[in-house]
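Fold the following and give me the result.
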Amino acid sequence: QVQLVESGGGLVQPGGSLRLSCTASGFTFSNYIMRWFRQAPGKERESVATISASGGSTNVADSVKGRFTIARDNAKNTVYLQMNSPKAGDTGIYYCYAQRIDFANNFWGQGTQVTVSS
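Below is the predicted model of the structure:
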């Protein structure tokens, strides 16, 4: 059974930090590109960060560049999103997404809420 389970969300103050985790099971994690998406109320889901299957290549959206980083540990089947200096505009539900390197399959996590507020 395929599962992507996000954790680490919650309330964080502007300028603080938060680390999201997504642990995968039921598929060969190291064969998948991993991504974080987010969706704010009333807005479309948008890509935040992407990491290659090996972890050697990463990309983050311009809106979070310099503040968020993505990393993975293939031995632990886990991908992370480190959120530093979050802003109110970063509030939303954060989703983990797995895409097989040959695009043959993909999976979504259930999402975790992040609220940035003082």
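
Which residues are in contact with the closest residue in space to Val64 that isn't next to it in sequence?
Distances taken as Cβ to Cβ, 6 or more residues apart in numbering put Val48 closest to Val64, at 6.0 Å, once the chain neighbours are dropped. The way it works is simple: take the backbone N, C-alpha and C, and place the C-beta from them, glycine included. Val48 makes contact with Arg35, Trp36, Phe37, Arg38, Val60, Ala61, Val64, Phe68, Leu81, Tyr94, according to Cβ atoms under 8 Å, 6 or more residues apart in numbering.

How about Ser30?
Ser30 makes contact with Ala53, Ser54, Asn74, according to Cβ under 8 Å, 6+ apart.

mind listing the strands for this structure?
Using DSSP state E, the strands found in the chain span residues 3-7, 10-12, 17-25, 32-39, 46-51, 58-60, 68-73, 78-84, 92-100, 106-108, 112-116.

Stretch 99-108: which residues count as buried?
Going by neighbour count (16 or more other Cβ atoms under 10 Å), the buried part of stretch 99-108 is Gln99, Phe107.

Identify the residues contacting it?
2, 4, 27, 31-35, 53, 95-98.

What's the end-to-end length of it?
Terminal residues of stretch 99-108 lie 9 Å apart, using Cα to Cα, to the nearest Å.

from here on, count from 24
That works, and once the first residue is 24, the last one we named lands at stretch 122-131.
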